[in-house]
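Visitor: please find the sequence and the predicted model below.
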Amino acid sequence: MEPMYVAEDSSGSADQATREIQQLRAALEKEKAQNAQLSEAYSAQQEAYRAQQDLLEMNWALHQHMVDALAHKTCAQKRVEHDFLVRKAQREKQKALRAAGFVSKPCDPNAERQKPVGEITDDEAHSGAGASDRADAGPTAWAQ
């Protein structure tokens with residue numbers, strides 16, 4: 001079969017072509033507007049993503065700061081507890097030495113601070129008397 005050609009008037013086809021061109025232009029404008037909206041939405045989404053990233057980074061930095069502060073506080077608290085226990089042990093040691101008859105007396109800085117002096121009273125220990133009142137008190141009496 002051979003194709004059939006129908007002759008149409010030229011004015012009708014020109015109007016139809018013009019309408020199709022106008023429809024295509026309208027569709028193109030509509031697509032451009034929709035593309036612009038999508039582009040704006042994408043830009044807004046990217047900006048929101050960057051803001052969330054910045055917020056996440058700030059939260060992480062704050063978390064690290066708080067972890068460091070907590071570690072510092074814990075370390076300081078342990079140092080205070082350790083110092084307290086050291087002072088308590090020193091007090092107990094001094095108490096035991098006093099109970100055993102040892103007292104601290106001022107002496108040569110290079111010599112030992114704890115010297116055996118025998119039984120003395122608290123008044124003698126606080127007044128500085130006692131050893132100088134004894135007969136054996138001399139420069140070498142403390143070194144024995």
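Guide: Okay, I see it.

Visitor: mind checking which helix or strand of this protein has the lowest mean pLDDT?
Guide: strand 114-116 (a mean of 55; mean pLDDT, DSSP states H and E).

Visitor: count of neighbours near Val103?
Guide: Val103 is flanked by 21 other residues according to other Cβ atoms under 10 Å. (C-beta placed from N, C-alpha, C; glycine too.)

Visitor: meant to ask about Arg98, not that
Guide: With other Cβ under 10 Å as criterion, Arg98 counts 14.

Visitor: any idea how far Phe84 is from it?
Guide: 21 Å (Cβ to Cβ, to the nearest Å).

Visitor: how about low-confidence regions in the chain?
Guide: Scanning the chain with the threshold set as pLDDT under 70 gives 1-12, 104-144.

Visitor: would you state the helices of it in chain order?
Guide: Under the criterion DSSP state H, helices of the chain are mapped to 10-99, 122-127.

Visitor: for Lys93, what are its contacts?
Guide: Neighbour list for Lys93: empty [criterion: Cβ atoms under 8 Å, 6 or more residues apart in numbering].

Visitor: now do Ala89
Guide: Ala89 neighbours (Cβ under 8 Å, 6+ apart): none.

Visitor: distance of it from Val80?
Guide: Ala89 is 15 Å from Val80, by Cβ to Cβ.
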